[in-house]
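[1] coords please:
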Amino acid sequence: MRQRNRGRVALAAVAAMCAAAALPGQAYAAGEPAAYTFDPGAEKVDGAEASTDASALTPGSVYRSSIKPGQKLYYRLNLDAKTNGYVSAVAVPRGDGRVAYGDGITVSIRDSSDLQCSSEDARFESAEFPRPIAAYAYRTVEKDASICQDAGTYNVLIERESKETSAPDEWDLELRYESEPQLKSAGSMPTDAPENWPSASPVPPTTAPQKRSGGTSYYDATGLETGEWKEEGGIKPGQTLFYRVPVDWGQQVFATATLSNDNASDEYIGNALALSLDNPAHGHVASAMPLSYSGKTTTVSLDPLPPVAYENRYDSNSSVSAMRFAGWYYLSVTLSPQIAKSYGKNGIPLTLRVKVEGEAGKSPYAGDAGDFSVTQDDRDDARDGKSGPQAAAKSDRMTMVAVAGIGAGSVLVLGLGVWTLLARRRAVTAPAAPADAGQPYGGPPQTW
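    Okay, the predicted model is just below:
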């Protein structure tokens, strides 16, 4: 969540601070991990099984929806002939959440003739335990492309696949629709994906670990910068923790997760920990191979990714293609609920090592790029470990102070003006004093 609108009124600032104080937005059940915290600004929308009945999505908006096993749901986009549009879907299992290998969703964008512009899957695969999974699709305007280039109505199609052994409950969906900013000069941008880039993992940070508490969703993900970060309280079985890292143009991000030893058992648990990275449009970038666990300290890392570059989008490798814009990149870590059977329900110490390498480059976009940029405020929020709502509360608090200051100053100036006006009116209307009258108390006005 990006806080770009700084000019809110003081009342909104108070509301934002109260909301931040109440985080996380969904309470912990007794002894259970926190639920996924949906964006409180999300608008409820129902998907349609017939494309002609689809509800329209608006750029820059967040939506809540749901999907049943085997269901195919449509949502509508109205696109012009020059803007790139991205729609992401986060699927959150309900109930007991049983999932199987291959369960997941497919998100695609299609034109009025049902030709597919792009699609992406999000699957549980070998880590067969419930957790939020995300995928996105996009319509991009490209030179010499033959489909999905015209202005008009497009459809977002979300399809769910679930095995018979999986829980039959609906999955919640959190949908986001973002428009990519216009380029400064489209003709000067590279149209070929890079063939070579630094692929060696850097030396891990050597600073002492600092404590951070991960969020429960993309909405309240905790800011991180380069360093070693220890999850306060550890990660509990079945819990998913979210973090966000600002990665600018020309920079690379590296991430490693280490699960500490636990002497309660030496039972082998396969696919115990899942580590994933998503881009600023909530499109999936990469996942590490699920980590097995047997009570000993063990580590898993994301494979090296290319520096953020506009031309990455032309690569056929989806992980490279997803590194196509600057902004907040999201790390999520999930610990299998199976851990609880052998190691108990308490948190197991978790450490994240994050490294952002490279000098920040210039944005290719014209004007404010919104979510597809990194500002100094973003870097400060990452350094301070702020989530989006906390950063918003800070911004609104500053705005409230400024508004209050301006208001107090205005009242003072207005009061002085009224006082002066009344004094002048009294001087004009007051009767002249007799010639022999005494001076008022204190004598005549002094002259300088």
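
[2] show me where pLDDT drops low in the stretch 251-400 of the chain?
    Across the stretch 251-400 of the chain, the ranges flagged by pLDDT under 70 are 394-400.

[3] how about a cut-off of 50?
    Segments of the stretch 251-400 of the chain classed as low confidence (criterion: pLDDT under 50) are 398-400.

[4] can you give me the helices in it?
    318-321, 339-343, 376-384, 388-429 (DSSP state H, counting those that start in this stretch).

[5] buried sites along the second one?
    Translated: helix 339-343. Using 16 or more other CB atoms under 10 Å as the test for burial, helix 339-343 gives 339, 342, 343. Using the backbone N, CA and C atoms, a C-beta is placed for each residue, glycine as well.

[6] mean confidence score for the helix or strand containing residue 65?
    Per DSSP states H and E, residue 65 falls inside strand 61-67. Mean pLDDT, strand 61-67: 98.

[7] with just CA atoms, put it into PDB.
    Written as PDB, here are the backbone C-alpha positions of strand 61-67 (Å, rounded to 0.1, in the frame of the first residue of the first chain):
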ATOM      1  CA  SER A  61      -8.500  -0.100  -6.400                       C
ATOM      2  CA  VAL A  62      -8.600  -3.200  -4.100                       C
ATOM      3  CA  TYR A  63     -11.500  -5.700  -4.000                       C
ATOM      4  CA  ARG A  64     -12.700  -8.600  -1.900                       C
ATOM      5  CA  SER A  65     -14.300 -11.600  -3.600                       C
ATOM      6  CA  SER A  66     -14.500 -15.400  -3.200                       C
ATOM      7  CA  ILE A  67     -14.300 -18.500  -5.400                       C
END
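
[8] average pLDDT for the helix or strand following that strand?
    Using DSSP H and E, the helix or strand that directly follows strand 61-67 along the chain is strand 72-79. In this model, strand 72-79 has an average pLDDT of 98.

[9] mind giving me the packing neighbours of strand 72-79?
    When contacts are defined as 3 or more CB pairs under 8 Å, 6 or more residues apart in numbering; DSSP states H and E, strand 72-79 sits against strand 61-67, strand 85-93, strand 152-161.

[10] what's the angle between that strand and strand 85-93?
    Orientation check (axes from the mean of the first three to the mean of the last three CA atoms, to 10 degrees): strand 72-79 against strand 85-93 gives 150 degrees.

[11] could we number from 3 for the rest of this?
    Right, with 3 as the first residue, what we last looked at is strand 74-81.

[12] strand 74-81: which residues count as buried?
    Buried residues in strand 74-81, defined by neighbour count with 16+ other CB under 10 Å: 75, 76, 77, 78, 79, 81.

[13] so can I have JSON lines of the residues you listed showing distance to residue 108?
    Shown next, in JSON lines, are the buried residues of strand 74-81 (distance: CB to CB, whole Å):
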{"residue": "75", "distance to residue 108": "11"}
{"residue": "76", "distance to residue 108": "13"}
{"residue": "77", "distance to residue 108": "14"}
{"residue": "78", "distance to residue 108": "18"}
{"residue": "79", "distance to residue 108": "17"}
{"residue": "81", "distance to residue 108": "20"}
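
[14] ok, residue 174 - contacts?
    38, 40, 66, 67, 68, 93, 94, 96 (CB atoms under 8 Å, 6 or more residues apart in numbering).

[15] these, buried ones only, as a ChimeraX selection?
    Those of these that count as buried under 16+ other CB under 10 Å are selected in ChimeraX with:
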select :38,40,67,68,93,94
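
[16] can you redo the contacts of residue 174 as TSV with distance to residue 217?
    Formatted as TSV, the contacts of residue 174 follow (distance: CB to CB, whole Å):
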residue	distance to residue 217
38	10
40	12
66	18
67	22
68	22
93	18
94	14
96	20
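
[17] most widely separated two among the contacts of residue 174?
    38 and 67 (14.0 Å; CB to CB).

[18] now do residue 81 against residue 181, distance only.
    As for residue 81, its distance to residue 181 is 9 Å (criterion: CB to CB, to the nearest Å).

[19] so what sits against both of the two?
    With CB under 8 Å, 6+ apart, residue 81 and residue 181 have common neighbours residue 87.

[20] got a list of what the closest residue to residue 233 other than its chain neighbours touches?
    Counting by CB to CB, 6 or more residues apart in numbering, residue 233 lies nearest to residue 352, which is 4.1 Å off, once chain neighbours are set aside. Neighbour list for residue 352: 232, 233, 236, 237, 243, 259, 260, 261, 262, 335, 337 [criterion: CB under 8 Å, 6+ apart].

[21] let's see if you can find the most crowded of those residues.
    Ranked by neighbour count (other CB atoms under 10 Å), the contacts of residue 352 have residue 337 at the top, with 29 neighbours.

[22] wait, what's in contact with that residue?
    Taking CB under 8 Å, 6+ apart, one finds 237, 238, 239, 240, 241, 261, 274, 275, 350, 352 in contact with residue 337.

[23] so the fourth one makes contact with residue 343?
    Pointing back at residue 240 there. No: the criterion here is CB atoms under 8 Å, and residue 240 misses it with residue 343 at 11.5 Å.

[24] stretch 311-324: which residues count as buried?
    Neighbour-count burial for stretch 311-324 [16+ other CB under 10 Å]: 311, 312, 314, 315, 316, 317, 321, 322, 323, 324.

[25] stretch 366-375 too?
    In stretch 366-375, counting by 16+ other CB under 10 Å, buried: 366, 367, 371, 372, 373, 374, 375.

[26] hey, C-alpha coordinates of it in PDB?
    The C-alpha trace of stretch 366-375 is given here as PDB (Å, rounded to 0.1, in the frame of the first residue of the first chain):
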ATOM      1  CA  PRO A 366      11.800   5.400 -17.000                       C
ATOM      2  CA  TYR A 367       8.300   6.800 -16.200                       C
ATOM      3  CA  ALA A 368       7.100  10.300 -16.600                       C
ATOM      4  CA  GLY A 369       6.000  12.000 -13.400                       C
ATOM      5  CA  ASP A 370       5.100  10.300 -10.100                       C
ATOM      6  CA  ALA A 371       5.200   6.600 -10.600                       C
ATOM      7  CA  GLY A 372       3.200   5.700  -7.400                       C
ATOM      8  CA  ASP A 373       3.600   2.100  -6.500                       C
ATOM      9  CA  PHE A 374       6.200   1.500  -9.200                       C
ATOM     10  CA  SER A 375       8.900   3.700  -7.500                       C
END
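
[27] what sits up against it?
    Residues contacting stretch 366-375 (CB under 8 Å, 6+ apart): 4, 6, 180, 182-186, 191, 250-251, 282-283, 312, 327-330, 365.

[28] now do the strands in the stretch 153-302 of the chain.
    Assigned by DSSP state E, counting those that start in this stretch, the stretch 153-302 of the chain shows strands spanning 154-163, 173-181, 212-214, 224-225, 229-233, 242-249, 254-261, 271-280, 286-289, 293-295, 300-303.

[29] this completes my enquiry, with thanks.
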